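> sequence unknown, structure follows:
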Ligand SMILES: CCCCCCCCCCC/C=C/C(=O)SCCNC(=O)CCNC(=O)[C@H](O)C(C)(C)COP(=O)(O)OP(=O)(O)OC[C@H]1O[C@@H](n2cnc3c(N)ncnc32)[C@H](O)[C@@H]1OP(=O)(O)O
Ligand SMILES: NC(=O)C1=CN([C@@H]2O[C@H](COP(=O)(O)OP(=O)(O)OC[C@H]3O[C@@H](n4cnc5c(N)ncnc54)[C@H](OP(=O)(O)O)[C@@H]3O)[C@@H](O)[C@H]2O)C=CC1
């Protein structure tokens with residue numbers, strides 16, 4: 001397949017079509033993959049790529065209706081799929097999800113910590129509970145899931161692979177998303193700590209960062225702000241946004257036998273958008289203005 005038509009548009013080429021897999025058929029046969037937030041958006045896209053390669057799935061999040069719909073969609077790709085309702089901010093519920101997974105399929109071999117909470121808000125408007133809500137789901141929930149996975153594998157003396165979905169503002173900071181950026185920085189740090197702690201036990205821990213990958217499940221808050229940023233493709237060095245399946249292919253690679261020596265690494269799938277820096281940038285627009293908010297009033 002040519003990478004680009006001779007007279008095609010500039011920018012990075014389009015990816016293969018939906019339904020294509022990045023690895024040999026059956027790469028994950030006999031493997032169980034647990035994806036948090038696997039009922040929507042990028043989590044569902046990641047789960048789908050594992051299913052196409054033969055994995056059984058456990059998808060976990062809070063809303064049972066969305067989980068049930070996704071379970072049926074994912075099961076149509078071949079494997080067995082269990083949906084587990086769970087708020088990952090509750091460590092007891094997290095343990096119960098692993099119990100349910102073990103009962104239905106055996107201990108998951110792969111954990112994808114994809115669930116997160118986020119909304120744009122100027123920091124001066126953010127309530128303590130808003131901060132807590134986002135950090136609790138994004139950082140604490142990721143730790144509770146990872147801890148449970150690690151403890152069970154250490155006890156069973158079995159190898160495993162953890163993939164933590166991050167965001168590039170873990171490195172750069174995220175004006176308008178201070179809670180999420182701080183939490184994602186913590187998630188990235190967890191990858192680096194736990195890869196070293198658990199390498200001796202055969203457990204890989206990697207990070208995976210999507211660039212802008214719009215999808216139909218985006219929350220109203222995020223979608224609303226995205227819709228205001230017209231011409232999204234032209235604002236990326238790739239001259240296009242990412243496709244959720246591109247994250248799925250990267251996740252399957254990181255968890256595959258072909259990546260056994262990769263751990264403690266965070267792979268960014270964003271067409272180099274986060275490295276876009278200039279000494280003279282576009283004029284500063286405050287977060288309040290970007291969000292269409294009036295002057296701060298206590
Ligand atoms: C500025 C530039 C814009 C550019 C746009 C580009 C966008 C690209 C972003 C790319 C990065 C994306 C990263 C992601 O993480 S996307 C994942 C997003 N998905 C989700 O968040 C799904 C789950 N989310 C939720 O369930 C909810 O949205 C919520 C996070 C709010 C959690 O729900 P929960 O039930 O736990 O919480 P509450 O509803 O009780 O609220 C808790 C407190 O938070 C306050 N809150 C809620 N929303 C807002 C808001 N929009 N602004 C300010 N404050 C908010 C709420 O009032 C509660 O606080 P109080 O008790 O003090 O009132
Ligand atoms: N889309 C993008 O462009 C980008 C996304 N990301 C990251 O990708 C990941 C997926 O995002 P995306 O698919 O876009 O967003 P979604 O809003 O579609 O996914 C978030 C998922 O997390 C679940 N979730 C949220 N809170 C909890 C909780 N407390 N307990 C259990 N599950 C929870 C939600 O399910 P439920 O409501 O049922 O609980 C939902 O399925 C996130 O980590 C996000 O930070 C990073 C950069 C860019």
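Received it, and whenever you're ready, just let me know what you need. Bear in mind that the values here come from a model prediction, so they are computed numbers and not experimental data. Ligands and ions are numbered 1, 2, ... in the order given.
> tell me the residues of the stretch 151-298 of the chain that contact ligand 1?
Neighbours of ligand 1 within the stretch 151-298 of the chain, by Cβ under 6 Å from any ligand atom: 167, 176, 180, 219, 221, 222, 225, 226, 229, 287, 290, 291. Every residue, glycine included, has its C-beta placed from N, CA and C.
> so which of those residues belong to helices?
The members of these that map onto helices under DSSP state H are 180, 221, 222, 225, 226, 287, 290.
> returning to that earlier point: which of the residues of the stretch 151-298 of the chain next to ligand 1 lies closest to ligand 2?
Of all those, ligand 2 sits closest to residue 167, with 4.0 Å by Cβ to the nearest ligand atom.
> quick one, phi psi at the closest one?
Backbone torsions of residue 167, given as degrees, to the nearest 10, read phi -150, psi 150.
> all helices of the stretch 51-200 of the chain, in order?
64-75, 91-104, 128-135, 141-156, 169-172, 178-198 (DSSP state H, counting those that start in this stretch).
> least confident pick among the ones in helices among the residues of the stretch 151-298 of the chain next to ligand 1?
Sorting these by pLDDT puts residue 225 at the bottom of the list (82).
> was I right about that residue contacting residue 292?
No - assessed by Cβ atoms under 8 Å, residue 225 is found out of contact with residue 292, at 9.3 Å.
> between these two, which one's more packed in?
residue 225 (17 against 9; other Cβ atoms under 10 Å).
> distance of that one relative to residue 66?
Residue 225 is 22 Å from residue 66, where distance means Cβ to Cβ, to the nearest Å.
> so what's the closest residue in space to residue 157 that isn't next to it in sequence up against?
Spatially, and ignoring its direct neighbours in sequence, residue 157 is nearest to residue 201 (7.7 Å; Cβ to Cβ, 6 or more residues apart in numbering). By Cβ atoms under 8 Å, 6 or more residues apart in numbering, the contact list for residue 201 reads 150, 153, 154, 157, 159.
> and for the first one, the neighbour number?
Neighbourhood size, residue 150 [other Cβ under 10 Å]: 19.
> repeat that for the second one.
Other residues near residue 153 come to 22 when the count uses other Cβ under 10 Å.
> so what's the closest residue to it other than its chain neighbours bridging to?
Of all residues beyond its chain neighbours, the one nearest residue 153 is residue 160 (4.5 Å), with distances taken as Cβ to Cβ, 6+ apart. Beta bridges link residue 160 to residue 203, judged by DSSP bridges.
> so what touches the least confident helix or strand in the chain by mean pLDDT?
Counting by mean pLDDT, DSSP states H and E, the weakest-scoring helix or strand in the chain turns out to be helix 220-228, with a mean of 87. Helix 220-228 is contacted by residues 118, 119, 120, 212, 214, 218, 232, 290, 291, 292 when judged by Cβ under 8 Å, 6+ apart.
> select from the residues you listed the one having the most neighbours.
Top of the contacts of helix 220-228 by neighbour count (other Cβ under 10 Å): residue 118, with 20 neighbours.
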